[in-house]
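Asks: fold the stuff below for me.
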Amino acid sequence: MTDTSTLPIRPVPPRQLAWLRTEVSDWASQGLISPEQADVIRTRYRSDHHTRSSIGRVLLLLGGGFVGIGLIWLVAANLDQLAPVARFGVVTGLWLVFLVGGEALAARNASPALVGGIRLLAALGTGAVVFQAAQSLQVPAFEPRLVGVWAAGALLHGYLARAYLPFVVGIVTGLGWWFAQPMWDAQSGLTVVVLLGAAAVLAAGLAVLHDRRLDTFARTWRTLAGGMALLALFVAAVPDIGGGGVEWSTWLVVVLAMAGLSAAAALVVHPGQRALEPLGAIVVLGAATLLALWSTGADTSDVDAADWLHAAVSIGAYVALAVALVALGTVREHPSLSWMAMVGLVVFTTFQSFAVFAPIVTGAWLFVVLGTVFLGTGFLVDRARRELVQALDTTTDSPDSTDTTEGDVR
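Replies: Predicted coordinates for the structure are as follows:
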């Protein structure tokens, strides 16, 4: 008999543990496994109450955040009384305290909420160090490149420590840099569409690269890819959004190259079904660009056949994307993708319906038309989801569906 004392004990969510124990008892009753094997399986798992949010965790996180922000605020309010070098030293010292303290607490297996709060402060402190250094060097504080340096530092912290909250800070600040830097000198609607589509390609490629390595990070990248794809098609469908053309710059070429490299790396590492994600994002980028270039005029009081055709094609493309995201959410067991697709479809369809139908039908008839559109698109999406779930239930799980290393969620 196997010595259970040498087996690693894995923490799992309480609901998952209850399901597992029920299944193990069922297997033992059917003779699929022996009672001894059932006991071995049960002893390998324990309930981990830290996997779900609780009031205590929220209060610890909020408390740490408020204390840290208060300390930074007190220092910032008195920075004018210090020399530039002293200011930089104070801010850097606080950042190092949070950075080293968070990792020290993590090494001692402290409360995940406390560790997460300190790591969050360290990630925010990275930005404070960057902006304070820029001020000391007489660099304008409003330049996007400073946000880019902050994002790079937070992402580096997140990946080196496998810490989720610094990773999220890096994602948020990185998104700000992604759009602000290429549009710093000149802005256009088509450039926004291209940036949204390129962000979807970059995030989709990174999601695939993170699969089976850092699954928590992969889910975040996949969620970001879906959101950027939905936004790209939404903005592209705005009448005459691409009339100004693309404002090319060195940074726009850089971000497009980053997206291309991410997709290419994903295709090389995972040439199978997972490669469909970055390829689908590339298709969305192309479709959004073409829709934005298709100008039918911005006068909503004069809707002609071209406007109807543009709206129909836009809705069809958006429905196809929504169905694809629902399918992806089902296959990857990522419900937020499915909900995001459904909410986006409702908002987009409402926007298009008012833009096209409102000048023609008013009052109660407008709601009838809207309801008909919602019923049609909802039926298509729900039927596709049901057929996909049925197909998955009748097939065996592939080896790619197994998950391995999880990222640190703190």
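Asks: so what touches the one helix or strand Leu155 maps to?
Replies: If you go by DSSP states H and E, Leu155 is part of helix 144-161. For helix 144-161, contacts defined as Cβ atoms under 8 Å, 6 or more residues apart in numbering pick out 99, 102-103, 106, 119, 122-123, 126-127, 129-131, 134, 139, 163-171, 173-174, 176-177, 180-181, 184, 217, 408. No exception for glycine: its C-beta is placed from N, CA and C like everyone else's.
Asks: list the buried residues of that helix.
Replies: If you call a residue buried by 16 or more other Cβ atoms under 10 Å, then helix 144-161 has these buried ones: 144-155, 157-158, 161.
Asks: mind listing the helices for the stretch 51-200 of the chain?
Replies: Per DSSP state H, counting those that start in this stretch, the stretch 51-200 of the chain carries helices over the ranges 55-77, 84-107, 112-136, 144-161, 164-180, 189-210.
Asks: Gly101 versus Pro166, what's the distance?
Replies: Here Pro166 is placed at a distance of 14 Å from Gly101 (Cβ to Cβ, to the nearest Å).
Asks: which of the two has more neighbours?
Replies: A direct count of neighbours by other Cβ atoms under 10 Å for Pro166 and Gly101 places Pro166 higher, at 30 against 17.
Asks: wait, what's in contact with that one?
Replies: By Cβ under 8 Å, 6+ apart, the neighbours of Pro166 are 119-120, 122-123, 154-155, 157-158.
Asks: surely Ala292 touches Leu196?
Replies: No. Using Cβ atoms under 8 Å, Ala292 is not in contact with Leu196, being 10.1 Å away.
Asks: these two: which is more packed in?
Replies: Each of Ala292 and Leu196 has its neighbours counted (other Cβ under 10 Å); Ala292 has more, 28 against 24.
Asks: skipping adjacent residues, who's closest to that one in space?
Replies: Take Ala292 and drop its neighbours on the chain: the residue closest to it by Cβ to Cβ, 6 or more residues apart in numbering is Gly242, 3.4 Å away.
Asks: next one: Val85
Replies: Ser136 (7.2 Å).
Asks: same deal with Thr173?
Replies: Ala151 (4.0 Å).
Asks: would you mind measuring from that neighbour to Pro166?
Replies: From Ala151 to Pro166 the distance is 11 Å (Cβ to Cβ).
Asks: hmm, back to that, are there residues contacting both of Ala292 and Leu196? Which ones?
Replies: Val235.
Asks: and stretch 148-161, how far out from the chain middle?
Replies: In this view, stretch 148-161 has its centroid 16 Å away from the chain centroid, taken as Cα atoms, centre = their mean, to the nearest Å.
Asks: quick one: average pLDDT of that stretch?
Replies: The average pLDDT for stretch 148-161 rounds to 92.
Asks: stretch 99-117 now?
Replies: The average of the pLDDT scores along stretch 99-117 is 83.
Asks: mind listing what's buried in it?
Replies: 99, 101-103, 105-106, 111-117.
Asks: what's the end-to-end length of that stretch?
Replies: 11 Å (Cα to Cα, to the nearest Å).
Asks: look up how far Ser188 lies from Val346.
Replies: Taken as Cβ to Cβ, the span from Val346 to Ser188 is 28 Å.
Asks: hmm, I was thinking of Leu160
Replies: Counting by Cβ to Cβ, the gap from Leu160 to Ser188 is 38 Å.
Asks: go on, Leu96?
Replies: Distance from Leu96 to Ser188, by Cβ to Cβ: 42 Å.
Asks: same question for Leu121.
Replies: 38 Å.
Asks: what of Ala327?
Replies: In terms of Cβ to Cβ, Ala327 sits 33 Å off from Ser188.
Asks: and those two? Which one has more around it.
Replies: Neighbour count, other Cβ under 10 Å: between Ala327 and Ser188, Ala327 has more, with 21 against 18.
Asks: element containing that one?
Replies: Using DSSP H and E, Ala327 falls in helix 305-331.
Asks: output the contacting helices and strands for that helix.
Replies: Packing partners of helix 305-331 (3 or more Cβ pairs under 8 Å, 6 or more residues apart in numbering; DSSP states H and E): helix 215-236, helix 276-293, helix 335-356, helix 364-393.
Asks: where does the stretch 201-350 of the chain dip in pLDDT?
Replies: Residue ranges of the stretch 201-350 of the chain with pLDDT under 70: 296-304.
Asks: can you do 80?
Replies: Filtered on pLDDT under 80, the stretch 201-350 of the chain yields the residue ranges 239-247, 272-274, 295-308, 310-312, 330-333, 345-346, 349-350.
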